[in-house]
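Asks: Have a look; sequence and predicted model below, questions after that.
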Amino acid sequence: MAMAIGQAIWAAAMSMLALVGAASAQDWSMSQFDDGSYFSATLAPIDGPGPALVCGERSPRGLSPAATGNLEPDITPVGAFRLYLSDRAIGAPAPQRMIRDDVLIVAGGSGYRLRGLRWNAAFSTWQIDLPATDPSFAAIAAAQEFELRYDGGVRRLSSAGFAAGVGGLSTYCQTMFASIGKPWPATQALPPARQTMRQLAEAGIRQSCGGAAHWTPEAILPAQIDGDGAEDIVVDWHGVTCTTGVPRPNCGAANCLVEVYISALYPRVGAPESTLALGVRLQPLTNGNDALAFAGSLGSCTRTVGQTRCETLSYWNGAALVPLR
C-alpha cells in the first residue's frame, strides 16, 4: 500500500531534520500545503536536527480525503502549534516509555520543559501540542541560538530566521482556521521573552549601587540550583565594587550579602534569596543540581582544631532554599 500523502510529506521533513550539522549553518523556513481536503503549514530548520512546528485542519475547499489520498493529516487544536521532534534528534523511545518529560528547550538562559512528549509510531517522532503564545517561542526568537537538552545529551541550534518564520506561521494558521469557522483567540502576539537571571542580577547590582559597578568573575556564579534547565545566578557582594556612592554597600566588617537568583521563583516572587556570609561556593549534588556552601564564623558551627570558619550547605527543595541536614 502506498504511503499516505501526509505521512510522505512528514517523512521527507524528518529526513531533513535528522541531518547532523553545525548550528551556524542553520536557518528556519516555513512551507504551506493544501490539497483540498486538508491544509497544513510547517516551520522547520533548513538544515540540521531540530523541532518542527505544524498547524493543520480541514481545507476550506472541502474535498474528500478519499479523493486526495490524504488519510493521515495533521489536525491541530485552535490556537496551538504541534511540535515534532525526530527520533534521530532526541532518540527513539525505550521499551514501555511512550511518554517522556526529560526534554528541555533552553534559550536566553531560560529553560522550558516539554512535559508529556508523546511518541507517534506512525511518523517515528515525538510530538506535543503547545499554545501559539508559549513563552519558549519568544525566547528562541530573541536568542541567537538555543539548545535541546535531554537525557541522552544536548543539541545546539541556530535561531536565525525563527522570529520571522513563527510570525508567518501564526498568520497563515490564523487565516486558514478562520476560513473554516474556527477563529483563534484574539490575543495571539508572542509575549516578550522574560529576563534571564543574569540580567536580573546585574540590574540588581546597579540598583543597589545607585549607578555603575564593576565586579570580579567570582562575584557572579552561574549555577543549576532548581533543576529546571535555566541558569540560576549567585551574587557574592565580596567581589562587587560600586563606582559611585558607597563602594561596598552590602558588606560589613567581614560578612557580605549573598543573593541567589533562582529561575523557578520568577516572576511569581521576583526577588532573590539572600543571606549574609563570609563567602559562598557551589557544591554539586548527586541529582545534578548545585547546593550552596555558605561560609560562616566558628561561632556558628562546631569548633575544630585549626579551623577558622565553617560552611552551611543549602539546597533547593522545590519551593525554597533549605539547610542540607
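Replies: Thanks, I have the structure now.
Asks: Ignoring the adjacent residues along the chain, who's closest to Phe39?
Replies: Ser59 (4.8 Å; Cβ to Cβ, 6 or more residues apart in numbering). Placement of C-beta: from N, CA and C, glycine included.
Asks: do you know how far the one you found is from Tyr38?
Replies: 5 Å (Cβ to Cβ, to the nearest Å).
Asks: Make sure Leu200 is indeed in a helix.
Replies: Yes. The assignment for Leu200 is a helix, going by DSSP: H, G, I helix; E, B strand; the rest coil.
Asks: Which residues are in contact with it?
Replies: Ile233, Tyr261, Tyr266, Pro272 (Cβ atoms under 8 Å, 6 or more residues apart in numbering).
Asks: Quick check: which element contains the first one?
Replies: Same thing as Ile233. When elements are assigned from DSSP states H and E, Ile233 belongs to strand 232-236.
Asks: For that strand, which strands pair with it and how are they oriented?
Replies: According to DSSP bridges, strand 232-236 has the following sheet partners: strand 220-223 (antiparallel), strand 256-261 (antiparallel).
Asks: burial count for the residue nearest to Phe39?
Replies: 22 (other Cβ atoms under 10 Å).
Asks: what about it, distance to Met30?
Replies: When Ser59 is compared with Met30 (using Cβ to Cβ), they lie 18 Å apart.
Asks: Met176 too?
Replies: 13 Å.
Asks: Check Val322 too.
Replies: Taking Cβ to Cβ, one finds Val322 at 47 Å from Met30.
Asks: Settle it for me: which of those two has more neighbours?
Replies: It is Met30, of Val322 and Met30, that has more neighbours when counted by other Cβ under 10 Å, with 18 against 12.
Asks: Might one say that that one is in contact with Ser170?
Replies: No. With contact defined as Cβ atoms under 8 Å, Met30 does not reach Ser170; the gap is 10.0 Å.
Asks: For Leu85, give me its contacts.
Replies: Counted by Cβ under 8 Å, 6+ apart, Leu85 has contacts Pro51, Ala52, Val103, Leu117, Thr125, Trp126, Gln127, Leu148.
Asks: now Trp215
Replies: Counting by Cβ under 8 Å, 6+ apart, the residues that Trp215 touches are Ile205, Gly239, Val240, Thr241.
Asks: per-residue confidence at the nearest residue to the second one once chain neighbours are set aside?
Replies: With Cβ to Cβ, 6+ apart as the criterion, Gly239 has its nearest non-adjacent residue at 2.9 Å, and that residue is Ala219. Ala219 is assigned a predicted lDDT (pLDDT) of 95.
Asks: residues near Trp316, how many?
Replies: Using other Cβ under 10 Å, Trp316 has 25 other residues around it.
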